[in-house]
Structures are given as C-alpha cells and as structure tokens.
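Chemist: Compute the structure for the input listed below.
(chains A and B)
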There are 2 protein chains.
Amino acid sequence: MATAVYTVEGMTCGHCVSSVSEEVGQVTGVTDVQVDLASGALTVTSSTTVDDAAIRAAVEEAGYTVKG
Amino acid sequence: MATAVYTVEGMTCGHCVSSVSEEVGQVTGVTDVQVDLASGALTVTSSTTVDDAAIRAAVEEAGYTVKG
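Modeler: Numbering: from 1, shown residues only, chains lettered A, B, ... in the order given. Predicted structure coming up:
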C-alpha cells in the first residue's frame, strides 16, 4: 500500500472536492482519496505505487491543477 | 410568462451554478434559469408567476442563500 500527497490548486467549494475525489478515485489502483478544501491537500492511497502522471491527469480532468 | 431576478450568495464556482440551476429548474412552472456566477444574479423565467418562497427554498436546497 502506498500513500502520496499532492496540492491541488483552484478548488473553491465542496463540489470541487467531489469532482477531484471522483476523478482521482477512478485511477487504477487507487483505494482511497482524501481532499482538504482549505489546504488543497490531496491524499491518495493505493494498492500499489500509482503513476504520478495518472493522478495529475485525473486532477486536470476534473478541471484543476496539481501544484509543483 | 414572468421573469424574476434574485441575488444568490455563496456561489464560488461553476459547480455551484449548476447546483442552483438544477434545483431552481425543478420548481413547478419554471421554464428557464440563468445564473451569473460573478454577480450572483439568478434570473428565473416561468410560465406563470412562481412563488418567491419556492425559489428561495430551491436555492437553499442547493446550499445557498437568496439575498434580501
């Protein structure tokens, strides 16, 4: 099991959190997604190491950007 | 046909606009809903005069407040 933390930019409300959670949750191998609106922290738990690029693509698909 | 304009407080993004549009659009008699995120303007077009209270209730159901 692996956990990775990202910072998401552009989320303004609970709907944004839901969108990010939904998209990232669909990435293969992801078992849990936690999003903190105030800080933008996105914590991704996965059964195996997940490709960073896949997570970033999912966040972008939701309409937001991963910082850094 | 009647048109009424309200100001909605608390919308922060396009998802908020969608939520308000969806809820208000379900009010009986409403035929068109326009929401402007920047100003909070909610323009409701209806086949007959719609009860203000029903519009306000729909906005609150979506999680926002009608100003005034």
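
Chemist: What ranges does chain A have for its helices?
Modeler: Assigned by DSSP state H, the helices in chain A fall at A:14-25, A:52-62.

Chemist: how about those, which one is nearest chain B?
Modeler: Between chain B and those, the tightest spacing by CB to the nearest CB is seen for helix A:14-25, at 3.1 Å. In short, each C-beta sits where N, CA and C put it, glycine included.

Chemist: packing partners for that closest one?
Modeler: Applying 3 or more CB pairs under 8 Å, 6 or more residues apart in numbering or on different chains; DSSP states H and E, one finds that helix A:14-25 contacts strand A:30-35, strand A:41-46, helix A:52-62, helix B:14-25.

Chemist: contacting residues around the longest strand along chain A?
Modeler: Taking DSSP state E as the criterion, chain A has its longest strand at strand A:2-9. Outside strand A:2-9, the residues that touch it by CB atoms under 8 Å, 6 or more residues apart in numbering or on different chains are A:20, A:35, A:39-50, A:52, A:55-56, A:59, A:64-68.

Chemist: One more: stretch A:14-29?
Modeler: Residues contacting stretch A:14-29 (CB under 8 Å, 6+ apart): A:8, A:10-11, A:30, A:33, A:35, A:37, A:42, A:44, A:46-48, A:50, A:54-55, A:58-59, A:61-64, B:13, B:15-16, B:18-19, B:63.

Chemist: Please repeat the previous calculation with a cut-off of 7 Å.
Modeler: If you take CB atoms under 7 Å, 6 or more residues apart in numbering or on different chains as the criterion, stretch A:14-29 is touched by A:8, A:11, A:30, A:33, A:35, A:37, A:42, A:44, A:46-48, A:50, A:54-55, A:58-59, A:61-64, B:13, B:15-16, B:19.
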